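K.L.:
Need coordinates for the following:
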Amino acid sequence: MSEAPQNPGRPFRYETIAISEESTVVAEFVPDTASVQDATYQSEDALERAFIRQLQAQAYDYLPLTSEAELIANLRFQLEKLNKVSLSDAEWERFFATAIAGANDGIIEKTTRIQQDHVQVLKRDDGTTKNIYLIDKANIHNNTLQVLNQYEANGARANRYDVTVLVNGLPMVHIELKRRGVDIREAFNQINRYARDSFWAGSGLFEYVQLFVISNGTLTKYYSNTVRDGHLAEQRGKRSRQKSSNSFAFTSWWADAANRPITELAGFTKTFFAKHTLLNILTRYCVFDVDRKLLVMRPYQIVAAEKILQRIAGSTNLRQLGTAAAGGYIWHTTGSGKTLTSFKAAQLARSLPGIDKVLFVVDRKDLDYQTMREYERFEKGAANSNTSTAVLQRQLEDPNARIIITTIQKLSRFVAANRKHDVYNDHVVVIFDECHRSQFGDMHAEITRVFKRYHLFGFTGTPIFAENSGTGGDPRRRTTQQAFGDKLHTYTIVDAINDKNVLPFRIDYINTIKAGTWIKDKQVSAIDTERALLAPERIAQIVGYIREHFDQKTKRSSSYRHDGKRLTGFNSLLATASIDAAKRYYAEFSKQQQSLPEAQRLKIGLIYSFAANEDEEGGLLGEEEFETDGLDQGSRDFLEGAIRDYNTLFNTSFDISADKFQNYYKDLSQRLKKRELDMVIVVNMFLTGFDATTLNTLWADKNLKAHGLIQAYSRTNRILNSVKTYGNIVSFRNLEKETNDALALFGNKDAKGIVLLKPYAEYYGEYEKRVAELLGTYPLGQPIIGEAAQKAFIKLFGSILRLRNILTAFDDFAGNEILSQREFQDYQSLYLNLYAEFRSVSDADKEAINDDVVFEIELIKQVEINVDYILLLVERYLSSKGTGGDKEILATIERAINSSPSLRNKKDLIERFVDSVSSSAKVDAQWQAFVAARKAEELERIIADEGLNAEATHGFIDNAFRDGAIPSTGIAITKILPPVSRFSKGNGHAVKKQAVLDKLAAFFDRYFGLS
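P.N.:
Residues are numbered from 1 along each chain as shown. Presented below is the predicted three-dimensional model:
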């Protein structure tokens, strides 16, 4: 503290010169080298014991209970202690039955109770009522943390849970452990089984679990109950082999404030399970949205929110209100969840003493069409009523309206109409979403001029630095720091890609024009070049290229489920340099597709509006509004025609009048998100702030640079599922230098190596070398003799598979594969045969496959032949029967089956089908009927051979096909077995059980995914 100067008539005061607050996320984590370097083998049991000992050392109470009665008795004791109350047995039973374990309560109701209704009303025996806190959110250290392990629950089957943390007696965090060396996805999958089989058992107290932690000692992640519940829901509603958009990909790493992941369990426990950290996460940094999904914030989001709160408190104490020192900006890359972070910061700021209002300021189109829906998820009614300046004025004058979400345009109009107003003297927090945009203009200056006691914070994924600032406007506010103050926290695109919170980019540069050498020296070269770039023959070639490569780039051969629907592949944007260019592209697509059947045409939308500068300062994206009045007549007429095409396609009735054009924008954006459109041709619209997880490709015929380039590229890299592996950029202009410069600016010096794949030539050179070695050392037709040679082949072909998987994404690879399709299939067949041999040896020895043999089976599956391809060949076989070509097709079918890991065990099925198929009916329908008949026949044979309970076996198999796996544990398998004494000589029960499991597993593998 420092003394304030004495002033007669005023009390003596101290000024705060530093703030020390227990942060939720540790500033810098230094791992304990002793625990990391311990070289001794650690079993799962030893890992669990060490974890519990560490929690006890961190002041968690160990609870050695095993029954639900003990769990409930402990819950009662803890709630009585927290609430300083003694309950009669009748009161407790009433409270437990109505406020904790209602007969109809599920995960949603229990999560609501913790997140929103944590104070429940108890009706006492004497008729009075008392508030009972399930968790104390105001004073978090009043809560009691306990840990128990190996708790057994009996639901659909018996399960024993690894470790559970209780908060005031309620299970709120569950930890599933696997020994080191085991994939932590096994822990993730095990929790899914618990949720399905037993979390609901008894009183269902384990449905109160809010957070899950999975670890194998080396790697540790956390996630909310929504990720698990959503994953299960998708599994129930689909064939399990299809890709899920609720999955392990949505688990999170814990990290320190500098974004360094803390993966080792000991370090994770020291930080994440620190009492104040865990309780803060549960009480402050979870968001239960209006869709009833629990979102748990990531460490960088928590750090940013707390930095804002600390800046508010510190600058208030130092009387810095209304200056840049009272605010700052958060640099969190696009796609990292800025909306959630900024809104949570607004909610927490609203609760600070002395804060009158929090103003959340966004751009108009964001509030109207995208961000508003996000805010509505977090707080119902927060944004939807603010439809006019009059409504804004009422909210500003209402002392109960603590958070106001508005557009900068409405706020500016309010300021212009009210030169004096009491609200200007209120203590306000102003948060700007996407502050790199128009907030640098006159409106920003005017708003900050009239408000006197404000904190100004900005969020951006692409800050304006000196290097990428413009030359216009107020020179005092050209950069983000000049306008908003200090940078409070950074989470770059490199951090996000490393954490797998966004996807990396893959960029193709397609050369479409060679400029004369004279252009480089002429100041007017851009005009001449742009005219050449609009040449009809160039536009036609690019449209042809896009149509030819569209399926490849948007992965139309892959299917997945999204938003309750089965979709194939993704969609795209075509970014053009001008309205004139956008019109030419739309016309050329229409021309090239006019002779195609409707089903083969790409569904294409077009949108643009008037902007003073369509392409600002050589690649920085200009601000587009919804005005079409400024368009020239030709552009208005053309846009009207494109919207008429859209109306015909989707049975809508939009036009370019003010209201209907805004609704067209909204409808277009929704159809992009639902993947009902294949492509939208744009100038600037949709290139900033627009999020559609189904969008994976940007076709760019537009100069881009700095923040404009990163913003445009980032439309493609939102995580969706395991089918979508990177954001595709296909650039018809040479943007390589601009891309590298932007990544260096918005990432770090290593950004290029992390964000982008290496150039095609580097991969292809390595591929050529490996294939030459393959052909020279292992020629087809000659056996690979000896284990050493076989292992060397496996290693070599595995590396070729990895390279080929990358190279297939490059256009240049087509036709340059070196290996013919037949050679590749033959080598793959050898590879799979060796895999089967090594597997059979390991099964016989009951050991894992040798550590030095790593099979890339997953990569084979990415390029493998599937049933649909085989059926296509069967159709060709039928049409060529008797012509001589049918024998070659049969040979192709055989090679295809042998080279496919999933079809080899179905070979006899396919061959029998080919022999029986008729040309008089559809092949697909015949296949379905054939498979159904064979499947039923083989299952009945297993039931008869093994003497199984027929009804129970059918139910067992139906559940396996529903869940995507044969369960090897639990009581379900026991129910189908014939009576065998568990105590018979030679343990006949166990032998019989394993034999039946093996047969059913083989049956499942044979038929799963065929119907």
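K.L.:
For Lys660, which non-adjacent residue is closest in space?
P.N.:
Phe654 (5.0 Å; Cβ to Cβ, 6 or more residues apart in numbering). Just so you know, the C-beta spots here come from the backbone N, C-alpha and C atoms, and that holds for glycine as well.
K.L.:
Tyr329 contacts Thr462, correct?
P.N.:
No. Assessed by Cβ atoms under 8 Å, Tyr329 is found out of contact with Thr462, at 11.5 Å.
K.L.:
after the strand or helix carrying Ala789 comes which helix or strand?
P.N.:
Using DSSP states H and E, Ala789 sits within helix 787-807. Remark: after helix 787-807, the chain's next helix or strand is helix 821-845, criterion DSSP H and E.
K.L.:
Just the angle for that following helix relative to helix 787-807, thanks.
P.N.:
130 degrees (axes from the mean of the first three to the mean of the last three Cα atoms, to 10 degrees).
K.L.:
quick one: Gln120 is in a strand?
P.N.:
Yes. Under DSSP: H, G, I helix; E, B strand; the rest coil, Gln120 sits within a strand.
K.L.:
ok, what's across the strand from it?
P.N.:
Ile132 (DSSP bridges).
K.L.:
Numbering from 41 from now on, please.
P.N.:
Noted, 41 is the first residue going forward, which turns the last one into Gln160.
K.L.:
How about the contacts made by it?
P.N.:
Residues near Gln160 by Cβ atoms under 8 Å, 6 or more residues apart in numbering: Phe135, Ala139, Ile140, Arg153, Asn171, Ile172, Leu174.
K.L.:
which stretches of the stretch 141-290 of the chain form helices?
P.N.:
147-155, 225-237, 265-276 (DSSP state H, counting those that start in this stretch).
K.L.:
Show me which positions of the longest one end up buried.
P.N.:
Taking 16 or more other Cβ atoms under 10 Å as the basis for neighbour counts, the residues of helix 225-237 that come out buried are Ala227, Phe228, Gln230, Ile231, Asn232, Arg233, Tyr234, Ala235, Arg236, Asp237.
K.L.:
from what I can see Pro544 touches Asn757, true?
P.N.:
Yes. Using Cβ under 8 Å, Pro544 is in contact with Asn757, at 7.2 Å.
K.L.:
and for these two, which residues touch both?
P.N.:
The contact lists of Pro544 and Asn757 share Tyr766, Gly767, where a contact means Cβ under 8 Å, 6+ apart.
K.L.:
circling back to that earlier point, averaging pLDDT over each of the helices of the stretch 141-290 of the chain, which comes out lowest?
P.N.:
Among the helices of the stretch 141-290 of the chain, helix 265-276 has the lowest mean pLDDT, at a mean of 53.
K.L.:
buried subset of the contacts of Gln160?
P.N.:
Phe135, Ala139, Ile140, Arg153, Ile172, Leu174.
K.L.:
Of all pairs in those residues, which one is the farthest apart?
P.N.:
Phe135 and Arg153 (12.4 Å; Cβ to Cβ).
K.L.:
could you list every residue that touches Phe69?
P.N.:
Here Phe69 is in contact with Ala295, Asp296, Arg300, Ile302, Gly307, Thr311 (Cβ under 8 Å, 6+ apart).
K.L.:
let's see 6 Å
P.N.:
Asp296, Ile302 (Cβ atoms under 6 Å, 6 or more residues apart in numbering).
K.L.:
quick one: it is in a helix?
P.N.:
No. Counting by three-state DSSP, Phe69 is not part of a helix but coil.
K.L.:
Next secondary structure element downstream of the host helix or strand of Gln710?
P.N.:
Secondary structure from DSSP H and E places Gln710 in helix 698-713. Sequence-wise, the next helix or strand downstream of helix 698-713 (DSSP H and E) is strand 719-722.
K.L.:
any idea how far Lys831 is from the residue nearest to Gly645 when sequence neighbours are not counted?
P.N.:
Closest residue to Gly645 apart from its sequence neighbours, by Cβ to Cβ, 6+ apart: Val720 at 4.3 Å. Separation of Val720 from Lys831 (Cβ to Cβ, to the nearest Å): 51 Å.
K.L.:
Now stretch 759-766: buried residues?
P.N.:
Buried, per 16+ other Cβ under 10 Å, within stretch 759-766: Ile759, Leu760, Asn761, Val763, Lys764, Thr765, Tyr766.
K.L.:
repeat for stretch 293-305
P.N.:
Trp293, Trp294, Ala295, Asp296, Ala297, Asn299, Arg300, Pro301, Ile302, Thr303, Glu304, Leu305.
K.L.:
Residue nearest the middle of this structure, spatially speaking?
P.N.:
The residue lying closest to the centre of the chain (Cα atoms, centre = their mean) is Ile759, at 3.9 Å.
K.L.:
got the residue ranges for the helices in the stretch 441-590 of the chain?
P.N.:
448-457, 482-490, 520-524, 533-538, 565-573, 576-593.
K.L.:
May I see those helices organised as CSV, with mean pLDDT and mean neighbour count added?
P.N.:
CSV is the format used below for the helices of the stretch 441-590 of the chain (pLDDT from 0 to 100; neighbours: other Cβ atoms under 10 Å):
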stretch, mean pLDDT, mean neighbour count
helix 448-457, 81, 17
helix 482-490, 74, 17
helix 520-524, 81, 22
helix 533-538, 84, 23
helix 565-573, 58, 14
helix 576-593, 89, 16
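K.L.:
closest one to Ile215 among these?
P.N.:
Using Cβ to Cβ, the nearest of these to Ile215 is helix 533-538, at 24.5 Å.
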